[in-house]
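1. just need the structure, nothing else, for what follows:
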Amino acid sequence: MAHLSDRQKAELVCQHLDGVPWTRIAEHSGVTVRTLQRWAARTGAGQLARPPRRDKGASRIPTELVPAIEALAVRRPAPTIAYIHRRVGDIARDRGFASSRVHDRSPNRARYRPGPDSSR
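-> Just a heads-up that it's a prediction; the model follows:
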């Protein structure tokens with residue numbers, strides 16, 4: 001779907017206000033009916049443009065971890081994203097950054113092991 005300007009979105013909503021069914025507008029514009037309905041609701045509230053994210057411009061990564069992430073990412077051969085994620089989690093835990101995103105990889109962690117009667 002192509003990105004439409006606020007003016008183009010408003011024109012599609014106006015077509016519905018003039019009596020054209022949502023389904024016909026959706027067929028001709030390539031926009032889903034639900035999206036058109038969302039635009040109509042926003043138009044009624046006077047804010048057709050999507051509001052900016054509350055965390056726009058903010059980084060959730062501690063600045064102390066950025067050099068470690070960059071160093072891991074530029075290694076050759078290139079490591080997998082999963083490897084980088086695990087290592088950064090280990091580094092964050094070692095440096096005392098408490099986060100629900102940092103997974104415990106301690107050797108004593110309980111793991112799922114299917115039993116003999118398991119269908120997995």
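2. on the C-terminal side of the helix or strand that contains Glu11, identify the next helix or strand.
-> Element membership for Glu11, per DSSP states H and E: helix 6-17. Remark: after helix 6-17, the chain's next helix or strand is helix 22-29, criterion DSSP H and E.
3. from the rest of the structure, what touches that following helix?
-> Identification of contacts with helix 22-29 by CB atoms under 8 Å, 6 or more residues apart in numbering yields 12, 15-16, 31-33, 36-37. Using the backbone N, CA and C atoms, a C-beta is placed for each residue, glycine as well.
4. switch to 7 Å and redo it
-> Contact with helix 22-29 is made by 12, 15-16, 32-33, 36-37, as judged by CB atoms under 7 Å, 6 or more residues apart in numbering.
5. how about it: buried residues?
-> Across helix 22-29, burial judged by 16 or more other CB atoms under 10 Å covers 22, 25-26, 29.
6. average pLDDT for it?
-> Taken as a whole, helix 22-29 has an average pLDDT of 94.
7. what's the angle from that helix to helix 6-17?
-> Relative orientation of helix 22-29 and helix 6-17, computed by axes from the mean of the first three to the mean of the last three CA atoms, to 10 degrees: 140 degrees.
8. tell me how far helix 22-29 is from the chain's mean position?
-> Remark: helix 22-29 is offset 28 Å from the chain centroid, using CA atoms, centre = their mean, to the nearest Å.
9. and if you look at stretch 32-51?
-> 20 Å.
10. got the angle for the helix or strand of the chain with the lowest mean pLDDT vs helix 6-17?
-> None of the helices or strands of the chain scores lower by mean pLDDT, DSSP states H and E than helix 33-45, at a mean of 86. Angle, helix 33-45 to helix 6-17, by the same axes, to 10 degrees: 100 degrees.
11. give me the contacts around the helix holding Glu11.
-> 22, 25, 29, 31, 36, 39-40, 43, 48-49.
12. the residue nearest the centre of the chain: helix or strand, and which one exactly?
-> By CA atoms, centre = their mean, the mean C-alpha position of the chain lies nearest to Arg53, the distance being 11.6 Å. Following DSSP H and E, there is no helix or strand that holds Arg53.
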